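Visitor: predicted model and sequence below, questions to follow.
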Amino acid sequence: MEIHDIPVSVDILRKRFPFFEKDLIDEISEKGEWITVEAGDELMTEGKYIRSFPIVLEGLIKVCRKDEEGREVLLYYLNPGQVCAMALTCCMGRMQSTIGAYAEEDTEIIRIPVESLDVWMIKYTTWKEFVMYAYRNRFEELLNTIDNIAFKKMDERLVNFFIDRQKATGDAVYNGTHQDIANSLTTSREVISRLLKQLEKAGKIKTGRNKIDFSSLV
């Protein structure tokens, strides 16, 4: 993790958030902490209080929950220009984090102190709209996650995993292990390996060493 000594420029913020008021852009630049995180870095930890929350400038963040055995459920991804609604909820309620967040690739974020959240909700209309939009989108994604777990078979969930991945990253190649996918879908590596073989046999994916080309699925 690299913390930059200079604030993120106003020009960068205007390009990423053209709908924000000028004064809000200035405050984000002044109070936000510009950070570069490497793939795999942990940004938020379950059970710990959140002192600041990240807004993604570039890159990709994975938001998930883990059980005591380390198995995780992927909740959603955060793309450039997005903020974690569940982190905002914990901040507003001064509660411990109920989620974990990890950089999926090298990522640029601006970290905003919790104290600014309530003030900006009252002070800036565009910030309030931004937060409400984030809540709505994340709620819909959480419902989709629940539907996948409750109503869909594992082969359907695996296909949806790749489709959601492509929507989040714009890339139709997955770089990771079978165990990584199994962790995200709360199942075993053996189950995922078997289903991947079936997809490959059907010509829907191409597998390599820690690499899966799923362009035929999307």
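Guide: The structure has been received and is ready for your questions.

Visitor: which residues in this structure form helices?
Guide: For the chain, the helices defined by DSSP state H cover 10-16, 22-31, 85-92, 115-123, 125-151, 154-169, 178-184, 189-201.

Visitor: and the ones you listed: which comes nearest K66?
Guide: Ranking these by proximity to K66 (CB to CB) places helix 178-184 first, at 8.6 Å. Where you see a C-beta, it was placed from the backbone N, CA and C, and this is true even at glycine.

Visitor: can you list contacts of the one helix or strand in the chain whose mean pLDDT sits lowest?
Guide: Of all the helices and strands that make up the chain, helix 85-92 has the lowest average by mean pLDDT, DSSP states H and E, namely a mean of 81. Residues outside helix 85-92 that contact it (CB atoms under 8 Å, 6 or more residues apart in numbering) are 44, 49-50, 53-54, 63, 75, 95-99, 101, 114, 117-118, 131, 134-135, 137-139.

Visitor: can you do 10 Å?
Guide: Identification of contacts with helix 85-92 by CB atoms under 10 Å, 6 or more residues apart in numbering yields 43-44, 48-54, 63, 65, 75-76, 78, 84, 95-99, 101, 112-118, 121, 131-139, 141-142.

Visitor: show me how the record splits the protein into domains.
Guide: Per automatic domain parsing, the structural domains of the chain span 2-149, 153-217.

Visitor: format these as CSV; extra columns: mean neighbour count.
Guide: Converted to CSV, these look like this (neighbours: other CB atoms under 10 Å):
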stretch, mean neighbour count
domain 2-149, 16
domain 153-217, 16
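
Visitor: still on that earlier bit, mean pLDDT for the helices of the chain: which is lowest?
Guide: Here the helices of the chain differ in mean pLDDT, and the lowest is helix 85-92 at a mean of 81.

Visitor: what angle separates it from helix 115-123?
Guide: With axes from the mean of the first three to the mean of the last three CA atoms, to 10 degrees defining the directions, helix 85-92 sits at 100 degrees from helix 115-123.

Visitor: and helix 85-92, how far out from the chain middle?
Guide: 14 Å (CA atoms, centre = their mean, to the nearest Å).

Visitor: what angle separates the least confident helix or strand of the chain from helix 125-151?
Guide: Using the same axes, to 10 degrees, helix 85-92 lies at 120 degrees relative to helix 125-151.

Visitor: contacts only, for R157.
Guide: With CB under 10 Å, 6+ apart, R157 has these contacts: T145, D147, N148, I149, F151, S184, L185, T186, T187, L195.

Visitor: make JSON lines out of those residues and add distance to R16.
Guide: Below are these laid out as JSON lines (distance: CB to CB, whole Å):
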{"residue": "T145", "distance to R16": "27"}
{"residue": "D147", "distance to R16": "31"}
{"residue": "N148", "distance to R16": "30"}
{"residue": "I149", "distance to R16": "33"}
{"residue": "F151", "distance to R16": "36"}
{"residue": "S184", "distance to R16": "27"}
{"residue": "L185", "distance to R16": "32"}
{"residue": "T186", "distance to R16": "33"}
{"residue": "T187", "distance to R16": "36"}
{"residue": "L195", "distance to R16": "38"}
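
Visitor: just the closest of those to E30, please.
Guide: Taking the contacts of R157 together and measuring to E30 by CB to CB, the closest member is T145, at 36.2 Å.

Visitor: chain neighbours aside, what residue packs nearest to the closest one?
Guide: With CB to CB, 6 or more residues apart in numbering as the criterion, T145 has its nearest non-adjacent residue at 6.0 Å, and that residue is L75.
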